[in-house]
Every structure is written in C-alpha cells, then in structure tokens.
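> requesting a structural model of the entry that follows:
(chains A and B)
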Amino acid sequence: MKKKYLRLLALLMVFGLVAAACGDDDSGDTASGGDSSDDGGDAGDELTGEPIIIGMDLDSTGPGASYSTIAGDTVKDAIDELNENGGILGRPVELIIENDESDPTKTPAVIRKLLDQGADVLILQTASAATIQAKPIIQEAGKIALAPTSISQTLAEAPDADFTYVLANPISDFIDVYCGGYEAAGIETLAVMSDATTTIDGVNQLLLPGLEECVDIVAEEKAEVDAADVTAQIARIKSSDPDAIFVSSVGGNFEVVVQNTLAQQMPDTPRFSIASIGNQPATWELANPGALEGLIFMSNLDPTNPLTEELVDFLAERRGDDYVITAYDAQAYDTVQLIKMAIEAAGDVEDGEAVRDALNEISGYQAHFGQTGFTLSYSADKHVGTDGLCGLSLVQFGADNTPEKPWDTYQPPC
Amino acid sequence: MTEMQLWLSAVEIGFFYGIIALAYLLILEGAGFFNFAIGPYAMVAGLGSSWLVIEKDLPLWPAVGLGIVMVVVLSLVTELLIIRPIEKRSGGGELPALVAVAAVLFTIEQAAGFLFGRRHLPGQLLWRFDPLEVAGGFVQPSAALLFLTTPVIFAAVWLWLRFGGTGRMLRAVGDNADAAGLLGLPVSRIRITAFAVGGALAAIGGLLFAPKAGVGFESGLAWTLAGFLALVIGGTGSIVAPLLGGLLLGGVQVFVPFYLGSAAPNYVILLIALVFFAFKPEGLFTRRVRA
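Numbers count the residues shown, from 1 in each chain, chains lettered A, B, ... in the order given. Predicted coordinates for the structure are as follows:
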C-alpha cells in the first residue's frame, strides 16, 4: 500500500509538470500562429511592401490574463484599423503574438522569439514583473517596446530602459491619489489583502512603502491567486480593526472571492482596490449580489472625454453595442497610435534608434483615457508618458456591482 | 463571530473535498483504480451548467441535469474507451492506465476551456435566499445546500453499499476482482456502475461547490489533488473516511492561515501528506478483516 501511494505521489508530481507543459504549448502556439496569420494575411491582401511587424508578449493565460486579454483584443482591432487605412508608411502591419503566461522566467525567451521572428516594435502586454525581465534583451536589440497597461515605473527607469516606455500613470501617482483620498476620508489605519502573484509582489514593493507615508498599515494578508476561500485572511484583517481595507490583486476571480468575503465579514469598512477589478467587466458578474457596492477603485477612464467616446464608438462597431469599454482598451489603442506616430516620424522602421528618437519627440498626445485634455509626452529622460494625475480618478461601485460614479470624497487634482 | 465563520468555511470546504474523495473511493472499490479525472469531472459539471445557463440561456434545472449527464457520460467513456482497453493490453497493469487517465485529466480541462471558454464563470445557485446568520457567522445559500446535501449523499452511499445488491457486489469486486469473477459476479457491469456513480458524485460536488468561488477550466486539477489527499488522509476503510479526510484538510486550509499566517497552509499540507505517505499510508480508517 505504501509503495502504491508513493508511486501515485510521483505520478501526481508528473501531472503537475505535464500541466505546465500543456499550458505552454497550447497558449503559445494558438496565440502566435492564429493571430499572426489572421492579421498579417488581411494586411497583405490590400497593402504592398514588406510588412512592419509588431511583436506582442500577451499573457493570454496566467494570472494577468484577466486584464491582458482585454488589451490584447484592442491591439488587434487597432492594427486592423491601421491596415484598413493605409497601414504605416504605406506598408501593411503584421501582428505576431507570444505568451509568457505572466511568468517572468519565461519572458526573456518569449521576447527573444518575437525578435527572431522579425519584430520591429514590441508591445509588452504582460505582468509588470515580467516586463522588467525583458529590459536587457530589448536594450540589446535596440527596438522600442511599449507596455500599455503597466503601472510599474521600473520598466521605464534605468538601467536598460533606453527603448522601454509605459503609458499608464505609474505607481508613484497611485500613491499620491490614494493618500489624498485617505486624508480626505480621515483614514489613518489600513489593512492590505493581496494575491500571491509576482506581479502584485512587485507592485506592493513600490506601493506599500509609499502608502505607509500617509497611513499606518496594520495588517498585510496574502492568498494564492486561485484561492477558493479567504475567510482566515479576512478574519485576521478584521482583528486588526483597520479604518479601511486595500485589495491589491490582478483582479479576476481572486478579487471577487476577496470582495465577497469582505462584503460579508466587514460590510461597514471602506474598501479600496487597485485598478484591476474596475477594468474587468466580465468579473463583476462573478460577485455576489451587491458585494461590490461601495468599493472604490482607481480608474483611468472618464466617459465624458470626447476621445474616450470616439473609442467607445469604434469598439461598439467591432464588438457590438453592449461592449463595456475599459481603461485597458484605451491604453492598448493609444499604444498602437503612438507606435504609428513614431514610425511615421522616423520614416523607417528598420532603424530602431531613429524610431526611439521619434517617440521621444512625441509631446502632448491626446490620450483616449484619463480626463478630457489628458496628454502623454515622452523625451529621452521621460519614458513614462503621463502628463500629471489627470489620467486617474477614484470611482465607486454601485449596488448593481458596476462602477457607478466618481468617489464623492476625493478626486485627484487635474 | 470570526471563530464561527472559520468553522463554517472549514466545514464547507471539507464537505466538498469529502464528496470528491468519496467519488474516488467508489471507483477504487468497484474498479480498483484511482481515477484522477474526478476533479475535472466536477469542473465540467460546474462550468458546463453555468455555461448553458449564462451563454445559452438554458433554464437552471435542465442545465444542471445536463451537467450531471455530461459527467456520467465522460466517466463511462473514460472507463470503456480508455482505462479498460489499456488495462487489457497491459495485462491488468495499473501504471499505463494511470498515465492514460492523467492525459484524460488534461484533455478534459483543455476541451472544457475550448467548449465553455477560458474565463471563470459563477457557479449556479440551486437555492436562493438571503445569507443565514448562525451564531455570528454567515451561511451563504450555496454553503447551506452543501451542508444539507453532503450527509445525505454519504448516508445514501453507505446504505447502497451495505444493503443494495449492486452496492454489495461492488464491495466484493473491489476486494478481489478475480475471485468475484470466478464466483460469477458481473465484474464488468459493476465497474461501469462504479464509474457512473463516482462520476455523478463528482458532478454533484462540482455543482454544489462552484458557487463559492466560481469555476474555470483549470479548477479540475486542484480539486483532483485535494480529493486525493482527503482520501489518503481518511483512508479507504470506511465510507465516512473520505469525509473525515476532507474535513481535516478543510480545517487545515482555514485554521492554519488564521493562526500561522498565509504562507503556512502549503507547508502544513505538504507535511501532512508526507507523514501519511510515510507512516500511515492506509489513512485513518482501515478495514477490519475477520480472521
């Protein structure tokens, strides 16, 4: 019997390895083959010349998939739009995709593969921790790489950041906004509930020390991203009696489980979240009825921004009127537009340094996210595009588990 | 309040693991085989029924019924088209069939992702009411149903194995298939029954637990491992053994992070697994055999 169980244990360990292998093969092949042929094929039919190849590291599986797939779909639509309107420099644009599954250890190989396949420009739509592992390879390759949804300023800071750029407001801006909100609401003690992904570990390393400047963090709890129950962690948080709770996660099912439990266990304690859940409409329906009510999250969208309205129309045209736009859509769309502007300004895509220099000259680009008039600008010393805090706002969920209104208590100065 | 909520969560998780482990045990009894596809069976029932309701607008109960039927068919296909032919070819060898069922596990997961989509879906609530307050803790409708159903399932299986004709034959086949065959027992039919009932139990477990945290195509592997561990801890000597193993595992998953911190459960579960594998591989309950 003992020998039998040991054999079974060994077999189960093999299962785990097989699972990992299955994930790799399935996701990588599907994304790369299917998408590249679709997008490139359409482009080649109507445009002439050598295609400009955009390589995207898209973690369509893994912890970051809940938000990356949203951005990835919009990148594809934006590239389709480019090809329908003459491509870039009259050349077709081809998209090739690989998947690192949000795993930083896989990112270097994925980036290398994209470059070997001829990528002229890179889009890093993967976990922040993973994007950072790509830096040395991108630096060596001398091709620009933009991270549409990354909030980690580390990607855009030396070393090895001559060619890496981010669009979204970085964590340092998040700290300013959260601290402004906590001060306005009289919140002095905070409990933090996080998932155990490398992405959130990286985010927390930058975020929490900043928050500690304005609040006292009285509890820090963590659970696996696929946890089905967080009662114990929430019970520990409850015993610390915080003024408010901050949930730091990649969103998805984890955040829903946490918010369900918090709504039940600590219904009167204000809840804040990082941007993830507010930008994942598909996860809202997973929450218990009313479980998200009152939750305040960091949003990057202002529905009254005319450019956002334009993008809503664009996406509705392609995906149907009931499509709910997210900040990830807007950031992905802007990424493609910035790439187009940089290549056209450089007049050539083969010279990576020329494209980089052209991107560094972009100033006052009107973004499709943020408040009206919010702009992105780059320079040799500024690889984080946001011009101020106007790209952010604090938004509160309503009783129907959908974002309802800007948080009355505080909004970032614009 | 906090204490009661922890107990409620531990029992909820434990009951689910217990049902999954019971499904393992029935197939082990009837076919002498660890069917590692049990977790994906449960996932297919939960995910499939949700997909039918959400994406195909099917009414709840037909969707639930279809979910169970899908899983029973899957379980029978596993036995008739995979395990049985492989065991026959390998002269009754267990390892080739175990490797094949591992492949089945991942095939079902990927097929479910392809058919039902790769995003989590909310489990379907089979009973709707406001959460109940019990001694300061809250019981969600899905948990209440699990609390009520699990003892009924275990009692029904116990009665079936003890007094039902097929159930008693199932135990005999599990004890010694060759001897049962020589005695004229319908071994083939008994195996099929074991797979069908085991599959149905896994499906019911998946349907009952899916509303707690939603269900995705990758949920099956974790459920397979948890059910297997519950069976290892509880043992195979009694029908209540899987339930006890499940409750112990559920207790560890809830109370260890509460008292020792979030990182501790993985280490404690690994330690428990190693202790049982090394010192008590037969589990807590062993069958007593009259001399």
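> okay, now B:Gly91: neighbour count?
Neighbour count of B:Gly91, defined by other C-beta atoms under 10 Å in any protein chain shown: 7. For every residue, glycine as well, the C-beta is placed using N, CA and C.
> what is the subsequent helix or strand relative to the helix or strand that contains A:Leu122?
A:Leu122 is part of strand A:121-125, with elements assigned from DSSP states H and E. Downstream of strand A:121-125, the first helix or strand assigned by DSSP H and E is helix A:128-141.
> next structured bit after that next one?
strand A:145-147.
> that next one pairs with which strands, and in what direction?
The strands that strand A:145-147 pairs with in its sheet are strand A:121-125 (parallel), strand A:164-166 (parallel) (by DSSP bridges).
> ok and the residue in the stretch 301-414 of chain A nearest chain B?
Per C-beta to the nearest C-beta, A:Asn401 is where the stretch 301-414 of chain A lies closest to chain B, at 11.2 Å.
> wouldn't that residue be in contact with A:Leu295 here?
No: using C-beta atoms under 8 Å, A:Asn401 is not in contact with A:Leu295, being 9.1 Å away.
> ok, the two, which is more surrounded?
A:Leu295 (25 against 21).
> isn't that one right up against A:Gln396?
Yes: assessed by C-beta under 8 Å, A:Leu295 is found in contact with A:Gln396 at 7.0 Å.
> circling back: would you turn the strands paired with strand A:145-147 into CSV with mean pLDDT and mean neighbour count?
Listed next are the strands paired with strand A:145-147 as CSV, based on pLDDT from 0 to 100; neighbours: other C-beta atoms under 10 Å in any protein chain shown:
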stretch, mean pLDDT, mean neighbour count
strand A:121-125, 98, 29
strand A:164-166, 97, 28
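> who in the stretch 101-250 of chain A is up against chain B?
Where the stretch 101-250 of chain A comes near chain B, counting by C-beta under 8 Å from any C-beta of the partner chain, the residues are A:196, A:221-223, A:226-229, A:231-233, A:235-236, A:238-239.
> from the residues you listed, which one has the minimum pLDDT?
The lowest pLDDT within these belongs to A:Asp226, with 86.
> what kind of secondary structure is it in?
Secondary structure, DSSP: H, G, I helix; E, B strand; the rest coil: A:Asp226 is coil.
> OK, contacts around it?
Contacts for A:Asp226 (C-beta atoms under 8 Å, 6 or more residues apart in numbering or on different chains) come out as A:253-254, B:218-219, B:222.
> of the residues you listed, grab the buried ones for PyMOL.
Only the buried entries of these go into this PyMOL selection, using 16 or more other C-beta atoms under 10 Å in any protein chain shown:
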select buried, (chain A and resi 253+254) or (chain B and resi 218+219)
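> just the ones of the contacts of A:Asp226 in strands?
Among these, no member falls in strands (DSSP state E).
> which one of the contacts of A:Asp226 is nearest A:Leu167?
Nearest to A:Leu167 among these: A:Phe254, at 24.9 Å, using C-beta to C-beta.
> can you give me the pLDDT of that closest one?
At A:Phe254, pLDDT is 92.
> how much space separates it from A:Val230?
Using C-beta to C-beta, to the nearest Å, A:Phe254 is found at 8 Å from A:Val230.
> repeat for B:Leu126
23 Å.
> again with B:Phe228
Distance of B:Phe228 to A:Val230, given as C-beta to C-beta: 24 Å.
> A:Asp73 in helix, strand or coil?
On the basis of three-state DSSP, A:Asp73 is classed as helix.
> count of neighbours near residue 260?
You didn't pick a chain, so chain A it is. So A:Asn260, with other C-beta under 10 Å, has 21 neighbours.
> wrong one, chain B
For B:Leu260, using other C-beta under 10 Å, the count is 13.
> how about it, phi and psi?
Dihedral angles of B:Leu260 (phi, psi; degrees, to the nearest 10) stand at phi -110, psi 0.
> which non-adjacent residue is nearest it?
Leaving out its chain neighbours, the residue that sits closest to B:Leu260 by C-beta to C-beta, 6 or more residues apart in numbering or on different chains is B:Val268, at 7.5 Å.
> and the one you found, what element?
Applying DSSP H and E, one finds B:Val268 within helix B:264-279.
> elements contacting that helix?
Applying 3 or more C-beta pairs under 8 Å, 6 or more residues apart in numbering or on different chains; DSSP states H and E, one finds that helix B:264-279 makes contact with helix A:2-29, helix B:219-234, helix B:241-260.
> just to revisit the earlier point, pull up the overlap in contacts between A:Phe254 and A:Val230.
Shared contacts of A:Phe254 and A:Val230, counting by C-beta under 8 Å, 6+ apart, come down to A:Ala223.
> where do the helices sit along the chain?
The chain I'm using is chain A. A:2-29, A:35-46, A:65-84, A:107-116, A:128-141, A:171-185, A:198-211, A:231-239, A:252-265, A:281-284, A:306-319, A:327-346, A:352-360 (DSSP state H).
> wrong chain, I was asking about chain B
Going by DSSP H, chain B shows helices at B:2-31, B:38-54, B:60-77, B:84-89, B:94-116, B:141-163, B:165-175, B:177-182, B:187-213, B:219-234, B:241-260, B:264-279.
> among those, which is the most enclosed?
helix B:38-54 (a mean of 28; mean count of other C-beta atoms under 10 Å in any protein chain shown).
> quick one: list the elements packing against it.
helix B:2-31, helix B:60-77, helix B:94-116, helix B:187-213, helix B:219-234.
> name the helices or strands packed onto the longest one?
For helix B:2-31, the contact count by 3+ C-beta pairs under 8 Å, 6+ apart identifies helix A:231-239, helix B:38-54, strand B:137-139, helix B:141-163, helix B:165-175, helix B:187-213, helix B:219-234, helix B:241-260 as packing neighbours.
> A:Asp313 is nearest to which of these?
Between the helices and strands packed on helix B:2-31, helix B:38-54 lies closest to A:Asp313; by C-beta to C-beta that is 27.1 Å.
> pLDDT of that closest one, averaged?
On average, helix B:38-54 scores 96.
> then that helix to PDB, C-alphas only?
Taking C-alpha atoms only, helix B:38-54 is exported to PDB below (Å, rounded to 0.1, in the frame of the first residue of the first chain):
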ATOM      1  CA  ILE B  38     -12.500  13.100 -10.800                       C
ATOM      2  CA  GLY B  39     -11.600  16.800 -10.300                       C
ATOM      3  CA  PRO B  40     -12.100  17.700 -14.000                       C
ATOM      4  CA  TYR B  41     -15.500  15.800 -13.900                       C
ATOM      5  CA  ALA B  42     -16.600  18.100 -11.100                       C
ATOM      6  CA  MET B  43     -15.300  21.100 -13.000                       C
ATOM      7  CA  VAL B  44     -17.200  20.100 -16.200                       C
ATOM      8  CA  ALA B  45     -20.500  19.800 -14.200                       C
ATOM      9  CA  GLY B  46     -20.000  23.200 -12.600                       C
ATOM     10  CA  LEU B  47     -18.600  25.000 -15.600                       C
ATOM     11  CA  GLY B  48     -20.800  23.300 -18.200                       C
ATOM     12  CA  SER B  49     -24.000  24.000 -16.300                       C
ATOM     13  CA  SER B  50     -23.000  27.700 -15.800                       C
ATOM     14  CA  TRP B  51     -22.200  28.000 -19.500                       C
ATOM     15  CA  LEU B  52     -25.500  26.500 -20.500                       C
ATOM     16  CA  VAL B  53     -27.400  29.000 -18.300                       C
ATOM     17  CA  ILE B  54     -25.300  32.100 -19.000                       C
END
